[in-house]
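Student: Any chance you could fold what I've pasted below:
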Amino acid sequence: MQLLQLKAIGVICMVFSSYTQHRSYLVDETLNLVRKLQFSKNAIRTYHLADEEQKQIQMITALLVHLVQFSANVPDSLKGTVNWSTIIDASVDANYPINCHEAATEACCLFWTNVLQRFTAAKSQDVPEAKGIIENLVQDLLTVLNLPEYPAAAPILEVLCVLLLQNAGLKSKDTSARCFAIDLLGGIASRLKRDSVICSKEKLWILQELTDAENDSSKILKNKCCVCLGGRGINMACDVCGRCFHPDCMGAGSQENLQRDSVCPLCFCKQQLSVLQSYYELENKEKGKRASTAHKKKTAIPDEVTAVDTVQQILLNYLQEAGPQDDGNLFSRWFYLCMWYKEDISSQEKIIYYLARLKSKEILRDSGSGLALSRDWAKKICLALGQKNSFSRGFDKILSLLLASLRENSPVIRAKALRAVSSIVEADPEVLGDKRVQSAVEGRFCDSAISVREAALELVGRHIASHPDVGLKYIEKVAERIKDTGVSVRKRAIKIIRDLCASNPNADTSHAFVEIISRVNDEESSVQDLVCKTFYELWFDEPSGSHKHLVADGSSVPMEIATKTEQIVDMLRKMPNHQPLITIIKRSLTLEFLPQSSKAAGINSSMMTSLRKRCELICRRLLERILQVEEGADNETKIHTLPYVLVLQAFCIVDPTLCTPVTDPSQFVVTLQPYLKNKVDSKSTAQLLESIIFVIDAVIPLIRKPPQTVVEELEQDLKQMIVRHSFLTVVHACIKCLSALSNAAGRGPRLLEYLVNLFYKHLSGPNSDGQVLGRSLFCLGLLLRYGYKLLAASENQLDFPKILELLKRRYLRRDDFSLKVRAMQALGYILIAKPDFMLQKDILNLIEASLSSDVDYRLKV
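Tutor: Next up, the predicted model:
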């Protein structure tokens, strides 16, 4: 039955070629056959292709391809045995090859127009069947695309694409028709892009002729096989260009196939075309057309054979030698020549030259034969030549219209278009770098449908790891989606940035980190856990492999840790405060984000040890950078070390032991203490001092024996700032730190007593400066709050009732609002240290009376 079908195809094609008036009837009959086909994806495919992979297509597809190829009718004078005289005598019009190509296009239009019309006119229950038939046809055509024997596959698909881009597809009023057109165009465009990528990576030595513009013979490898680039066992060489080959690489395994006078396919075809050109020029001279010949020699016929012509002729020779010697082979070669003729702007002046190329082997019988060409090479050549035809060039048009479909009102069409673009990106992720694609995809990040937004993010996310350079172009817009209303969209955006940072650790992702960390307190616990897990994996998880390379500045910290430290600092520079970072560090050190199943199974102690070790190294690196940055600072008014100190403070807030290394527990205190002498009066300096004092305050109690010289300097520095510093936040930190220092270093309450008495004298004296009084109230309250235990145990016991009486009598009943608030604040600090004072009736009465005064004061109380 299959043999009978093949014979029938041959007969139909000859009728189609010979009787042009019956072509529309034959196309109609073919369409009737199409309607009888199975429409499942596993349609019967019994037409075997001449291919090593044993691929098959449907008989109806084979019939369609052959009909189109036979519609480009070979001139009768070229169908038999020919010689040069036959070519010269053939009265073929210069437009004939173009007319043949137009006839093929007309046949394609007739077929697809009817198929698509019947699809759009189909009843709803018949639509799946019609879709299946068309999909199977397209699948078959893509199978034979760029196979040497089927040049018509490209024009057939090209005509389909043109129709799908018009009223039959994307411009149709029927939504289902537009969706189906998008599916087909997406599949075809992805194949075009995939072929383009494969071709760009192809290193076949014959195709180098197309890419090397200069064709410099000096580039030819000497003493190396041009096929495998190996050097041993070479015993074949081209007598013309000198290229060397292994016999096995050229398919000449036995010595019988080796010829002493060997010519490679490139040189052989160049010689062929050069002879044909010379014949053509000689014939023109003999006809007495010397003037026109001079013009043609300058414009139409190049002095040398072009690389494209040479590679094309290699393919024609392969088909003539390796293919079946039948009419189908002749029509295939003629179809190629018609396509190339149409693309050549000077082709009409070389009609005889093109006709001669069809039968070059017969015309030049005595030219010998070049080395044989394998089928694999022929397919690669066919693929490369296919990149230059109009079908492949139409990829940009298809892509542009698919991108335009992303802006359709219908979410169904937008989703379809996004899947189509995704298939193209799968073929070549570099497409994401195209500005048109980037603009369209980023537009879908803000789509009204959550599913479309998530699909757009998924499209980018799938290729982040393999193409991080492309991902960096999208990172800003992806980061914006971290605040999306859809939980799935937020989580996908976080995962994309995580993957991008993991694949490209040196990229500037601080802005994206800020967006991610802003969701650490997300209303969804799963998002919170994902945020913490993301930063744990990026910063605190031990990377696989060896990372022992140290920083070049003499540091003892590995380069990988130093890089992560800078990422944290860069992120903090863009954050309003470090509270989210504290949350991340806290949850990472306790592994709170792990699922309950992991916690129930128990956390590996080695994992916790590694985690703490990395945090200690980060703190050590922060200390090193504080020194380095301050030494290199050229502007005293700008605090370059502040971000590093703030990050160190965040770690210290969570676990101060990270800043007490076993080898030198006082290292951080000794290193940071000199910065307390900074006399610049600014907000940033105050913030720096406050953070440094906090670290010292947290670390001092953990040091068993702090150096006495450091303790003494600290006391003096803290005392000076308590008395004189203009920022009360710094004063607060100093008093708290001084109390801790007095307690931990065994210095006693001597300095605290001095300061309490100092401020008490200010308050009880005749001083009327409201600013000084307010500062004294603030300091006195804090000294009593943090130093109460030391002061109460002192030999010189402090007279607390006297201080309370001073506050009640002189300040809590004043009309000055600011002083009254400061006095209430001081009283609050004292009550924190000594809650028993709350039981005193006069204090309770005072507080109750305050609650009945004006609103602002009540809020302060």
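Student: residues contacting S503?
Tutor: Counting by C-beta atoms under 8 Å, 6 or more residues apart in numbering, S503 touches I464, A465, S466, P468, G471. For the C-beta atoms, the positions are set from N, CA and C on the backbone; glycine is no exception.
Student: Oops, could you answer that again for L432 instead?
Tutor: By C-beta under 8 Å, 6+ apart, the neighbours of L432 are V425, Q438, V441, L459, V460, H463, H467, V470, K473, Y474.
Student: Take the residues you listed and write them to CSV, including pLDDT.
Tutor: Below are these laid out as CSV (pLDDT from 0 to 100):
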residue, pLDDT
V425, 94
Q438, 93
V441, 93
L459, 91
V460, 91
H463, 87
H467, 86
V470, 87
K473, 89
Y474, 90
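Student: From those residues, list the buried ones, please.
Tutor: Among the contacts of L432, those classed as buried by 16 or more other C-beta atoms under 10 Å are V425, Q438, V441, L459, V460, H463, H467, V470, Y474.
Student: mind listing which of the residues you listed are in helices?
Tutor: V425, Q438, V441, L459, V460, V470, Y474 (DSSP state H).
Student: excluding its backbone neighbours, what's nearest the first one?
Tutor: Nearest-residue entry for V425: V431, 5.2 Å, with adjacent residues in sequence omitted and distances by C-beta to C-beta, 6 or more residues apart in numbering.
Student: So the one you found lies in a helix, does it not?
Tutor: Yes - residue state for V431 (DSSP: H, G, I helix; E, B strand; the rest coil) corresponds to a helix.
Student: got the contact list for it?
Tutor: Contacts of V431 (C-beta under 8 Å, 6+ apart): K193, L399, I424, V425, V437.
Student: Of these, which is the most crowded?
Tutor: I424 (26 neighbours; other C-beta atoms under 10 Å).
Student: ok, which stretches of the stretch 101-250 of the chain are strands?
Tutor: Using DSSP state E, counting those that start in this stretch, the strands found in the stretch 101-250 of the chain span residues 236-237, 244-245.
Student: Likewise for the chain?
Tutor: 47-48, 56-57, 236-237, 244-245 (DSSP state E).
Student: so which of those is the most packed in?
Tutor: Most buried of the strands of the chain, by mean neighbour count (mean count of other C-beta atoms under 10 Å): strand 244-245, with a mean of 22.
Student: elements contacting that one?
Tutor: Counting contacts by 3 or more C-beta pairs under 8 Å, 6 or more residues apart in numbering; DSSP states H and E, the secondary-structure elements packed against strand 244-245 are strand 236-237.
Student: avg pLDDT for the strand it packs on?
Tutor: Regarding strand 236-237, the rounded mean pLDDT is 75.
Student: next one: stretch 660-678
Tutor: Mean pLDDT, stretch 660-678: 91.
Student: swap in stretch 576-593?
Tutor: 92.
Student: Would you check how far apart the closest residue to R481 other than its chain neighbours and D816 are?
Tutor: In this structure, R481 finds its nearest non-sequential neighbour in A493, 4.0 Å apart by C-beta to C-beta, 6+ apart. According to C-beta to C-beta, to the nearest Å, A493 and D816 sit 54 Å apart.
Student: same deal with L741?
Tutor: Separation of L741 from D816 (C-beta to C-beta): 34 Å.
Student: Same check on V629?
Tutor: V629 sits at a distance of 44 Å from D816 (criterion: C-beta to C-beta).
Student: Of those two, which one has the most company?
Tutor: Higher neighbour count among V629 and D816: V629, with 17 against 13, using other C-beta under 10 Å.
Student: Please name the residues that touch that one.
Tutor: So V629 contacts H640, T641, Y644 (C-beta under 8 Å, 6+ apart).
Student: Repeat that for A103.
Tutor: Taking C-beta under 8 Å, 6+ apart, we find A103 in contact with T20, S71, A72, N73.
Student: switch to 6 Å and redo it
Tutor: Residues in contact with A103 (C-beta atoms under 6 Å, 6 or more residues apart in numbering) are S71.
Student: Show the model's pLDDT score for it.
Tutor: pLDDT for A103: 93.
Student: And it, how far from Y96?
Tutor: With C-beta to C-beta as the criterion, A103 and Y96 are 10 Å apart.
Student: what about the stretch 101-250 of the chain, any weak spots by pLDDT?
Tutor: By pLDDT under 70, the weakly predicted segments of the stretch 101-250 of the chain are 212-222, 231-235.
Student: What segments of it are helices?
Tutor: 127-144, 153-164, 175-201, 208-211 (DSSP state H, counting those that start in this stretch).
Student: closest one to C652 among the ones you listed?
Tutor: With C-beta to C-beta as the measure, helix 175-201 is the member of the helices of the stretch 101-250 of the chain nearest C652 (52.2 Å).
Student: So which bits of that closest one are buried?
Tutor: Buried residues in helix 175-201, counted by 16+ other C-beta under 10 Å: 177-193, 195-196, 198-199.
Student: quick one, it and helix 127-144 angle?
Tutor: Helix 175-201 runs at 10 degrees relative to helix 127-144, counting by axes from the mean of the first three to the mean of the last three C-alpha atoms, to 10 degrees.
Student: how much does helix 175-201 deviate in direction from helix 153-164?
Tutor: Using the same axes, to 10 degrees: helix 175-201 against helix 153-164 is 140 degrees.
Student: for helix 175-201, packing partners?
Tutor: Applying 3 or more C-beta pairs under 6 Å, 6 or more residues apart in numbering; DSSP states H and E, one finds that helix 175-201 contacts helix 127-144, helix 153-164, helix 375-386, helix 395-405, helix 411-427.
Student: what helices or strands is the longest one leaning on?
Tutor: Counting by 3+ C-beta pairs under 6 Å, 6+ apart, the packing neighbours recorded for helix 127-144 are helix 153-164, helix 175-201.
Student: re the thing from before, show me which pair in the buried ones among the contacts of L432 is furthest apart.
Tutor: V441 and H467 (13.9 Å).
Student: which residues touch I830?
Tutor: Counting by C-beta under 6 Å, 6+ apart, I830 has contacts L784.
Student: Could you check the pLDDT of it?
Tutor: For I830, the pLDDT comes out at 86.
Student: List the buried residues in stretch 568-582.
Tutor: By neighbour count on 16+ other C-beta under 10 Å, the buried set for stretch 568-582 is I568, V569, D570, M571, L572, M575, H578, P580, L581, I582.
Student: Need those residues in TSV (columns: distance to S526).
Tutor: TSV is the format used below for those (distance: C-beta to C-beta, whole Å):
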residue	distance to S526
I568	24
V569	29
D570	27
M571	23
L572	26
M575	23
H578	25
P580	18
L581	21
I582	21
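Student: low-scoring stretches of the stretch 351-500 of the chain, by residue?
Tutor: In the stretch 351-500 of the chain (pLDDT under 70), the answer is 366-371.
Student: ok so, going back, can you check which of the helices and strands packed on helix 175-201 gets nearest to R243?
Tutor: helix 375-386 (14.1 Å).
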